[in-house]
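Novice: The amino acid sequence is not available; the structure is as follows:
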Ligand SMILES: Nc1nc2c(c(=O)[nH]1)N=C([C@H](O)[C@H](O)COP(=O)(O)OP(=O)(O)OP(=O)(O)O)CN2
């Protein structure tokens with residue numbers, strides 16, 4: 001079976017406040033790479049003419065547009081992070097640049113949320129493709145991969161990650 005594999009680089013900042021990785025409680029940033037593997041929902045043989053699962057440009061453009069336009073340089077915070085209150089009070093015009101996660105914005109959480117978002121984009125584009133594997137290289141020495149149903153591992157089922165729009169939080173007016 002064919003898989004289309006696409007990688008995209010983005011910069012981000014986050015902090016982890018739950019106490020599992022104390023050095024990460026101070027806001028800090030990473031340059032990360034997300035790599036996705038897409039398969040046809042209904043695998044077909046090559047037709048002898050175009051010989052494509054789907055043009056690369058069509059398969060990746062919505063996804064890469066979201067990574068470049070919404071995820072790149074976003075600040076990632078837990079929905080429980082008090083810094084959200086600070087932005088609400090002091091810089092409400094920047095709330096749309098904050099990617100909000102249910103619990104700490106770990107790489108595991110990002111992997112599941114990103115796969116759910118990508119599958120929402122692909123379903124809205126006709127459902128010909130689905131993401132079957134996603135990897136996030138957080139640092140050159142740490143990578144998290146995920147395969148399976150992302151909604152089955154998330155602590156909260158519904159949120160921005162299920163909408164095929166540009167949203168990265170549910171704070172209102174941020175889509
Ligand atoms: N299971 C997880 N553990 C940790 C995560 C995570 O997302 N999932 N994240 C962090 C921090 O973001 C931290 O900044 C990165 O981890 P760290 O090991 O410090 O990264 P390095 O590349 O510096 O690791 P080296 O081994 O020194 O190369 C922590 N834990």
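Specialist: Nice, I can see it. Since we're looking at a predicted model, the values are computed, not measured.

Novice: tell me the contacts of residue 145?
Specialist: For residue 145, the contact set (C-beta atoms under 8 Å, 6 or more residues apart in numbering) comprises 111, 133-136. Heads up, the C-betas are built off the backbone N, CA and C, glycines and all.

Novice: Let me know how buried residue 57 is, in neighbour terms.
Specialist: By the criterion of other C-beta atoms under 10 Å, residue 57 has 8 neighbours.

Novice: Doesn't it belong to a strand?
Specialist: No: the assignment for residue 57 is helix, going by DSSP: H, G, I helix; E, B strand; the rest coil, so no strand is present there.

Novice: That one and residue 126: what is the separation?
Specialist: Distance, residue 57 to residue 126, by C-beta to C-beta, to the nearest Å: 15 Å.

Novice: and what of residue 110?
Specialist: From residue 110 to residue 126 the distance is 26 Å (C-beta to C-beta).

Novice: okay, the two: which has more neighbours?
Specialist: A direct count of neighbours by other C-beta under 10 Å for residue 110 and residue 126 places residue 110 higher, at 23 against 9.

Novice: what sits against that one?
Specialist: 76, 101, 136, 144.

Novice: can you check residue 2 too?
Specialist: 39-40, 43, 53.

Novice: Let's verify it: helix, strand, or coil?
Specialist: Once three-state DSSP is applied, residue 2 turns out coil.

Novice: Can you pull the phi/psi pair for it?
Specialist: When read as degrees, to the nearest 10, the backbone of residue 2 gives phi -80, psi 150.

Novice: so where do the strands sit in the protein?
Specialist: 4-14, 28-40, 74-78, 98-101, 129-139, 142-146 (DSSP state E).

Novice: Parallel or antiparallel, which strands does the longest one pair with?
Specialist: Yep, that's strand 28-40 we're talking about. strand 4-14 (antiparallel), strand 129-139 (antiparallel) (DSSP bridges).

Novice: Looking at the ones you listed, which is nearest to the ligand?
Specialist: strand 129-139 (3.1 Å; C-beta to the nearest ligand atom).

Novice: who in this protein is up against the ligand?
Specialist: When proximity is defined by C-beta under 6 Å from any ligand atom, the chain lies next to the ligand at 21, 24, 28, 106-108, 138-139, 141-142.

Novice: TSV for those residues, including pLDDT and neighbour count?
Specialist: Formatted as TSV, the residues of the chain next to the ligand follow (pLDDT from 0 to 100; neighbours: other C-beta atoms under 10 Å):
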residue	pLDDT	neighbour count
21	89	12
24	96	16
28	97	12
106	98	21
107	98	19
108	98	15
138	97	19
139	96	10
141	97	6
142	97	11
